[in-house]
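[1] need coordinates for the below:
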Amino acid sequence: MKGIKRTEFENGLVLLTERRPHAQKAVMLVGIKVGSINEDDKLNGASHYNEHLLFKSNKYRTTKQITEDLEFEGTSVNAFTDHTITAFYAKALPEKLTKAVDVVYQATTNFEYNEEEFSRERGVILTEIRLNIEQPTRYSIENLFLPTLFKGTPLERTIAGTEESVGIVSKEELEQFKKEFYLPNNTIIVVVGRFDEAELQRKVTDTFARLEPGKVSTQDLHVDLTNQRAEKFEGHKSIKQVYLDVGFKVPGFTHPDTHKLRLLNGILSAGMSSRMFQKLREERGIGYAIGSYFESFGDPGIFATYVAGFDSARFEEAEEVILNELKDLKTNPIPDRELEGTKNLLTSRHFDMLERIDSRAIEILETECDKLPYDFREIPRYLDKITKEDLLEMAQKYLTDQHVLTALAPEGFQRK
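    Numbering: from 1, shown residues only. Model prediction:
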């Protein structure tokens, strides 16, 4: 992509840099192509567990020293795990970036955990898993809807793992899992912002580029995108309202229909003017949080809508509204004002994203990981070309009657 420099080292490591001279800081994002899809039931949660241990003690620094050596230099760090990637980043002042590279490199190559820290973090993760239900909107999607939609595929497994899998995994198993995937030829480094290009290249050459490559165990993520009608309800004593999700398997961001699906998703839920918000929240007072999302795992993707937090007595009403809106998208062309207005809103939000160096870094990482066939910076140009006829075709093609519906609900809930 124009303006983004790509360097591939002899050991397979990929470095992508985008200089933003007017930025006040630089962000370094390290992506390892490993996530829950690379695990089995016994090791479910291993990628997430390794992420938690990244900035714990290693042979160079203690946990306290790592924290102080970064934060006292003005550098913030964070990390995340999803189904296909583990990523961690350091956001630093330009003159402090190379020190951040050292610390992140040491964290990446730490394959010997401190036993006490390993055990302590197990407790933290188990608590996180047990508390998932206290974030019901997130729980309903990650622990109920996605496993139902992708049943029988690697995407069925949750990212955090289960109490059983996290409770029994050994330190040695986790260290070995990290060794298998934290390889230079399975790693992408993205740096965006204001930094010294030559100095960064030297530092990466002296650290990550010196690592020995290895054989990466790849996971075939071929998912049959044929949808089948399915419903699943899960009741909990602690849940007082309903969290409803309705959606489909669709092609991911590598597919030519990507931008049309992106705009169709915007029609449903972009802003308070969107169909879902108007029909459910404004006209009926149903739902605390309302929205839809189009997400990708490479080739497979999700197109779904949700209503979070409403009285179970209004379940059938909420379901009817959603299905009617999906039907309307398949039947009636979108009015011109709504079409152009949604394009404007998505374009405005896109430009907001481009102003954030960490968001740009994530987009660059995603483009490289999934080999996306478009420049993320040009998305508004793609959206502008989409017609109401295109969206009608997309709705008829993907928003079929074969949807998956899940609901997290109060214990004992039954549909009428």
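
[2] Glu73 is in contact with Ala92, isn't it?
    Yes - counting by C-beta atoms under 8 Å, Glu73 touches Ala92, with 7.1 Å between them. C-beta here means a position set from N, CA and C on the backbone, and glycine is covered the same way.

[3] which one of those two has more residues nearby?
    Between Glu73 and Ala92, counted using other C-beta atoms under 10 Å, the more crowded position is Ala92 (26 against 16).

[4] quick check: pLDDT value at the more buried one.
    For Ala92, the pLDDT comes out at 97.

[5] backbone dihedrals for it, please?
    Backbone torsions of Ala92, given as degrees, to the nearest 10, read phi -130, psi 160.

[6] what residues does it make contact with?
    Shown in contact with Ala92 (C-beta atoms under 8 Å, 6 or more residues apart in numbering): 25-28, 73-75, 99-100.

[7] do Glu121 as well
    Taking C-beta under 8 Å, 6+ apart as the test, what Glu121 contacts is 49, 52-53, 56.

[8] residues touching the closest residue to Glu39 other than its chain neighbours, list them.
    Among residues not flanking Glu39 along the chain, Ala46 sits closest, at 5.4 Å (C-beta to C-beta, 6 or more residues apart in numbering). Applying C-beta under 8 Å, 6+ apart to Ala46 gives the contacts 39, 161, 169, 173-174, 177.

[9] next one, pLDDT for Ala46 please.
    On the pLDDT scale, Ala46 gets 98.

[10] for the spatially closest residue to Ala230 that is not a sequence neighbour, grab the count of nearby residues.
    Leaving aside its sequence neighbours, Ala230 sits nearest to Val404 (C-beta to C-beta, 6+ apart; 4.8 Å). By the criterion of other C-beta under 10 Å, Val404 has 23 neighbours.

[11] try the one 5 residues further on
    Here the number of neighbours of Ala409 (other C-beta under 10 Å) works out to 23.

[12] shouldn't Ile267 be in contact with Arg275?
    Yes - using C-beta under 8 Å as the test, Ile267 is close enough to Arg275 to be in contact (6.4 Å).

[13] quick one, phi/psi of Gly247?
    Dihedral pair for Gly247: phi -170, psi -170, per degrees, to the nearest 10.

[14] tell me the SS of the closest residue to Tyr382 other than its chain neighbours?
    Distance criterion C-beta to C-beta, 6+ apart; nearest residue to Tyr382, sequence neighbours excluded, is His259 at 4.1 Å. With DSSP: H, G, I helix; E, B strand; the rest coil as the basis, His259 sits in helix.

[15] what's around His259, how many residues?
    22.

[16] and stretch 409-416, what's buried?
    409, 413 (16 or more other C-beta atoms under 10 Å).

[17] swap that for stretch 118-130, please
    For stretch 118-130, the neighbour count (16+ other C-beta under 10 Å) marks 118, 121-122, 125-126, 129 as buried.

[18] same thing with stretch 311-330?
    312, 314-315, 318-319, 321-322, 325-326, 329-330.

[19] in JSON lines: the buried residues of stretch 118-130, plus pLDDT, secondary structure and distance to Val191.
    Output for the buried residues of stretch 118-130, formatted as JSON lines (pLDDT from 0 to 100; DSSP: H, G, I helix; E, B strand; the rest coil; distance: C-beta to C-beta, whole Å):
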{"residue": "Phe118", "pLDDT": "97", "secondary structure": "helix", "distance to Val191": "31"}
{"residue": "Glu121", "pLDDT": "97", "secondary structure": "helix", "distance to Val191": "28"}
{"residue": "Arg122", "pLDDT": "98", "secondary structure": "helix", "distance to Val191": "33"}
{"residue": "Ile125", "pLDDT": "97", "secondary structure": "helix", "distance to Val191": "30"}
{"residue": "Leu126", "pLDDT": "98", "secondary structure": "helix", "distance to Val191": "35"}
{"residue": "Ile129", "pLDDT": "96", "secondary structure": "helix", "distance to Val191": "33"}
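
[20] looking at those residues, which is nearest Phe297?
    Closest to Phe297 out of those is Ile129 (21.8 Å), distances taken as C-beta to C-beta.

[21] all strands for the stretch 1-150 of the chain, in order.
    5-8, 14-19, 26-32, 76-81, 86-92 (DSSP state E, counting those that start in this stretch).

[22] strands of the stretch 151-300 of the chain, residue ranges please.
    Counting by DSSP E, counting those that start in this stretch, the strands of the stretch 151-300 of the chain are 187-193, 230-236, 242-251, 289-296, 300-310.

[23] pick the most buried one from these.
    Burial of the strands of the stretch 151-300 of the chain is given as mean neighbour count (mean count of other C-beta atoms under 10 Å); strand 187-193 ranks first at a mean of 26.
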